[in-house]
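>>> Output the structure for:
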Amino acid sequence: MSVAALPNASFKILVEGILAVDIQRYTQKDCILAYARPHDFSYGNPVKEQELADTALRLFRDYAQIQSIPDDLLDSLSGMKHPLQMFMAMIPFLKLAPMEKQELLEIKTLEELGERAVSLLQTSLDAENISQRVRQNVQHKMQQSQKDWLIGEQIRMLQGELSEAGGNETDLRDL
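Down below sits the predicted model:
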């Protein structure tokens, strides 16, 4: 748990849980007291769930490189035996709005959570690939424009040198 004071005299509290829970109710007086129960997950086909976990881990490795996520996190994810534990560990690192993360936490089946995680990771990677291609195209066009400008400047300078040296029109056209 970490606590950070905010400029508006409030606090930001980050709590890391060990399992997903449903908050039944809470009270707030001097402190916040929450009544919760473990989130009920429906488990289905263990083979399908493990396949989704393997796919999500593979995609998360690529995502981690783009987002500069530390390697030790990837090592700990690889060591997780249960797909639910791995999906829950990935969620905080996904660049999503808080409500989108909340929606992930409210999913009732492990298979749906896995499919959603795989979909979000694939979408993020696709968007990054498109963004990278656009950057490369822009960079290529900028380099081409600079090259064209440089050649044009060289031609103008040579024309100026020739006219100062007394070159005739035929020499200029030949050049």
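>>> how near is Thr109 to Ala56?
15 Å (Cβ to Cβ, to the nearest Å). In this view, the C-beta of every residue, glycine as well, is placed from N, C-alpha and C.
>>> correction: Ala117
Going from Ala117 to Ala56 by Cβ to Cβ gives 5 Å.
>>> In this protein, spot the helix with the most residues.
Ranked by residue count, the top helix of the chain under DSSP state H comes out as helix 110-164.
>>> Check which helices and strands it is in contact with.
With contacts taken as 3 or more Cβ pairs under 8 Å, 6 or more residues apart in numbering; DSSP states H and E, helix 110-164 sits against helix 46-67, helix 83-90, helix 98-105, helix 169-174.
>>> re earlier: hey, what's in contact with both of Ala117 and Ala56?
Residues touching both Ala117 and Ala56 (Cβ atoms under 8 Å, 6 or more residues apart in numbering): 87, 90.
>>> sorry, back to before: orientation of the longest helix of the chain relative to helix 46-67 in degrees?
With axes from the mean of the first three to the mean of the last three Cα atoms, to 10 degrees applied, the angle from helix 110-164 to helix 46-67 works out at 30 degrees.
>>> quick check: angle from helix 110-164 to helix 83-90?
Between the axes of helix 110-164 and helix 83-90, defined by the same axes, to 10 degrees, the angle is 40 degrees.
>>> and helix 110-164, what's its mean pLDDT?
Regarding helix 110-164, the rounded mean pLDDT is 89.
>>> now stretch 44-63
93.
>>> same deal with stretch 87-97?
Averaged over stretch 87-97, pLDDT sits at 88.
>>> Outside of it itself, which residues are in contact with it?
Here stretch 87-97 has contacts from 19-20, 53, 56, 60, 63-64, 67, 69, 73, 76-77, 80, 101, 104-105, 110, 113-114, 117, 120-121, 124, using Cβ under 8 Å, 6+ apart.
>>> Give the buried residues for that stretch.
By 16 or more other Cβ atoms under 10 Å, the buried positions in stretch 87-97 come out as 87-88, 90-91, 94.
>>> repeat for stretch 32-39
By 16+ other Cβ under 10 Å, the buried positions in stretch 32-39 come out as His39.
>>> Could you do stretch 70-81 as well?
Quick answer for stretch 70-81 (16+ other Cβ under 10 Å): 77, 80.
>>> repeat for stretch 147-166
For stretch 147-166, using 16+ other Cβ under 10 Å, the buried residues are Leu162.
>>> What of stretch 49-69?
If you call a residue buried by 16+ other Cβ under 10 Å, then stretch 49-69 has these buried ones: 49, 52-53, 55-57, 59-60, 63-64, 69.
>>> Now that stretch - C-alpha only, CSV.
Below are the C-alpha coordinates for stretch 49-69, written out as CSV (Å, rounded to 0.1, in the frame of the first residue of the first chain):
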residue,chain,number,x,y,z
GLU,A,49,-8.2,-20.7,-20.2
GLN,A,50,-4.5,-21.8,-20.3
GLU,A,51,-4.3,-21.1,-24.0
LEU,A,52,-5.7,-17.6,-23.4
ALA,A,53,-3.2,-17.1,-20.6
ASP,A,54,-0.3,-18.2,-22.8
THR,A,55,-1.5,-15.9,-25.6
ALA,A,56,-1.9,-13.0,-23.2
LEU,A,57,1.6,-13.5,-21.8
ARG,A,58,3.1,-13.6,-25.3
LEU,A,59,1.3,-10.4,-26.2
PHE,A,60,2.1,-8.8,-22.8
ARG,A,61,5.8,-9.4,-23.4
ASP,A,62,5.6,-7.3,-26.7
TYR,A,63,3.5,-4.7,-24.9
ALA,A,64,6.0,-4.5,-22.0
GLN,A,65,8.8,-3.7,-24.4
ILE,A,66,6.8,-0.8,-25.9
GLN,A,67,5.6,0.5,-22.5
SER,A,68,9.0,0.0,-20.8
ILE,A,69,7.6,-2.4,-18.2
